[in-house]
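Undergrad: quick one: sequence plus predicted model below, questions after.
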Amino acid sequence: MTQSTENSTEQEALKAEPFAFKPYENDHQSLQIGELTFENQTDKVIAYGDIEITKNQQGLSQALKLKQLFDMIVAELQSAEQAGDFTQDSNKQGLRESEDSFSKEVDNPFS
């Protein structure tokens, strides 16, 4: 498949089903791709579930939807960064620079 054929296939798939889901815009939208669910909130997008991206038309469609969604999320995050509109971290899930600052040794209550 040539690059122009791949691009036209991707563009057709994206034109066919535009998302009503707008990342970080409200607290009531959700989107499901396969068994993978995305829940919208004004300060985060929550993803849970799983997805099998098969090597067929359905897999291509799902992969293009995921790409479109993540492109939208990245664009919104970049826009917020440029505007200085990042929200404060509301939970500490994810990577931590130093585990030492979040843990301390305590006596064993069962000994």
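TA: Alright, I've got the coordinates.
Undergrad: my guess is Ile53 meets Gly59, correct?
TA: Yes - applying C-beta atoms under 8 Å as the test, Ile53 and Gly59 come out as touching, 4.5 Å apart. (Each C-beta comes from the backbone N, C-alpha and C, glycine too.)
Undergrad: least trustworthy helix or strand in this structure by mean pLDDT?
TA: Every helix and strand in the chain was compared by mean pLDDT, DSSP states H and E; the lowest is helix 3-16, with a mean of 52.
Undergrad: what's downstream of that helix, the next helix or strand?
TA: Next helix or strand after helix 3-16 toward the C-terminus (DSSP states H and E): strand 30-33.
Undergrad: list the buried residues in the helix or strand following that following strand.
TA: The C-terminal neighbour of strand 30-33 among helices and strands, as given by DSSP H and E, is strand 35-40. Buried residues in strand 35-40, counted by 16 or more other C-beta atoms under 10 Å: 36, 38-40.
Undergrad: would you mind giving those as JSON lines with pLDDT and distance to Phe86 added?
TA: Formatted as JSON lines, the buried residues of strand 35-40 follow (pLDDT from 0 to 100; distance: C-beta to C-beta, whole Å):
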{"residue": "Leu36", "pLDDT": "97", "distance to Phe86": "25"}
{"residue": "Phe38", "pLDDT": "97", "distance to Phe86": "20"}
{"residue": "Glu39", "pLDDT": "97", "distance to Phe86": "20"}
{"residue": "Asn40", "pLDDT": "95", "distance to Phe86": "17"}
